[in-house]
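got a sequence here, can you build the structure:
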Amino acid sequence: MDGTAFQPDAPIRCREFRIGCIGAGFIMADVHLAAYAEAGFPVVAIASRTPAKAAEVAARWGIATVHATPQALIEDPNVEILDLAFPPDQQPALIRHALKQPHIKAILAQKPLAMNFADAKALAEDARAAGKILSVNQNMRFDQSMRVLKQLLDLGALGQPVIATIEMRAIPHWQPFLQAYDRLTLLNMSIHHLDVLRFLLGDPIDIYTAARTDPRTQFAHRDGITVSTLRFPSGAMAVSMEDVWTGPREPGFQSDIYIKWRLEGTDGVAQGTIGWPDYPHGSPSTLRYASNAATGGEWQEPTWQTRWFPQAFAGVMEQLQYAVKTGERPLLDVDDNVKTMALIDAAYRSLDEKRAVPLAEFGV
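Numbers count the residues shown, from 1 in each chain. Below is the predicted model:
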């Protein structure tokens, strides 16, 4: 199979709707806005909990309007798409305020959408009642290696999936607001991996999760290092491991930090790495595969220069721009994301009750 046939980055089909951004931290200032500038999306306004920080980011990216509050930005009639990067306990109120504004055509909410499945489901219902498009920024689906892996699966090059693994050994920067939550890794890091496994393999039957505290994380938490096993109706299994410890991190200690993944099918194997842990130096994610049907059993390795951070975030915004233009559901539709939130709640229930939890218990 010719590597040029793959599409690691989503094409930009629409960039005409004006964006207002709420949030001025790392993910907005260094990732969203970098991707939007490169792709040519029109960002017309910004606001944050700290107006001075918003003004600083606006100057950096040439954003014309800085609002004193997030609510003022939402009420700005020049804003057509609202882009939120806000804590999940505070995000629902802003979403509901935006749903009331006639000029807001669509909302891109940060993941996690809310603190739990019930709140996420309620937001989806509110968006449906308002007739507004609500999309959730599950950006790992737009990582280049994940997109190409999905294309291989859709082409049948790997046959029927048998087992998939995601192995993360990397140290996140936990935002200070997370210290007030009773949910840590599963809600804020595993959500990437569990959602992308749904993207690749469909909805699981059940999930079993085990966890322990992380020796490095000093505030109280129960889910530091996590391991989850998922079973799928096809018979496929998947394991997602989030090792946020990775060993000592001190001068002179050579930590081995990475995210690796592998998917084995009845007719082929694909494996690779996720480039995020190398940020800000920058490494593209990688993929290599061997297929009886497509490569004669030999390994091939398509390559690209773009990265998850920041280029994949252009695809996230583009899928929403295109949905507004066409009236089609966005690829990252809120109704689909509710199923990911159910999976997160099922993982916490599994952790509490020490059993495999069927997703049917959540009615999804």
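
quick one: L343 and W304, what's the gap?
29 Å (Cβ to Cβ, to the nearest Å). For every residue, glycine as well, the C-beta is placed using N, CA and C.

ok, the two, which is more surrounded?
L343 (28 against 19; other Cβ atoms under 10 Å).

which ones are touching the closest residue to the more buried one other than its chain neighbours?
Among residues not flanking L343 along the chain, L194 sits closest, at 5.2 Å (Cβ to Cβ, 6 or more residues apart in numbering). Shown in contact with L194 (Cβ atoms under 8 Å, 6 or more residues apart in numbering): 207, 228, 230, 240, 340, 343-344, 347.

and L194, its phi and psi?
phi -70, psi -40 (degrees, to the nearest 10).

quick one: pLDDT of it?
We have a pLDDT of 98 for L194.

before we move on, back to that, go through the contacts of L194 and flag which are in strands.
207, 228, 230, 240 (DSSP state E).

give me the buried entries from those residues.
By neighbour count, with 16 or more other Cβ atoms under 10 Å, the ones in strands among the contacts of L194 hold 207, 228, 230, 240 as buried.

so who does the residue nearest the centre of the chain touch?
Closest residue to the average C-alpha location of the chain: Q138 at 2.6 Å, with Cα atoms, centre = their mean. Each residue near Q138 by Cβ under 8 Å, 6+ apart is listed here: 111, 191-192, 195-196, 199, 332, 337, 340.

closest to V44 out of the residues you listed?
L332 (22.2 Å; Cβ to Cβ).

just say helix, strand or coil for the closest residue to that closest one other than its chain neighbours.
Once flanking residues are discounted, L332 sits nearest to S135: 4.7 Å by Cβ to Cβ, 6+ apart. Using DSSP: H, G, I helix; E, B strand; the rest coil, the structure places S135 in strand.

correct me if wrong: S135 contacts Q110.
No - counting by Cβ atoms under 8 Å, S135 does not reach Q110; the two are 10.8 Å apart.

among those two, which residue is more densely surrounded?
A count of neighbours by other Cβ under 10 Å puts S135 above the other of S135 and Q110, at 27 against 21.

can you give me the helices in this structure?
26, 33-39, 51-61, 70-74, 91-99, 117-130, 144-155, 185, 191-201, 292-295, 313-326, 334-353 (DSSP state H).

ok, which of these comes nearest T246?
Per Cβ to Cβ, nearest to T246 of these: helix 185, 12.9 Å.

what comes into contact with that closest one?
Contacts of helix 185 (Cβ under 8 Å, 6+ apart): 211, 214, 221, 223-226, 242, 244.

kindly report the same for stretch 82-95.
19-23, 25, 27-28, 32, 70-71, 73-74, 98, 104, 106-110, 112-115, 119, 122-123, 126-127, 134, 137, 175, 177, 180-181, 187, 317.

with stretch 255-272 instead?
145, 149, 152-153, 156-171, 200, 246-249, 273-274, 276-277, 285-295.

average pLDDT for that stretch, rounded please.
96.

excluding its backbone neighbours, what's nearest S190?
E242 (5.2 Å).

hang on, the earlier thing: closest to F362 out of the contacts of L194?
Using Cβ to Cβ, the contacts of L194 come closest to F362 at L343, 8.5 Å.

what residues are up against the closest one?
Counting by Cβ under 8 Å, 6+ apart, the residues that L343 touches are 194-195, 198, 204, 207, 359.

about what we covered before: out of the contacts of stretch 255-272, which sit inside strands?
161-169, 273, 286-291.
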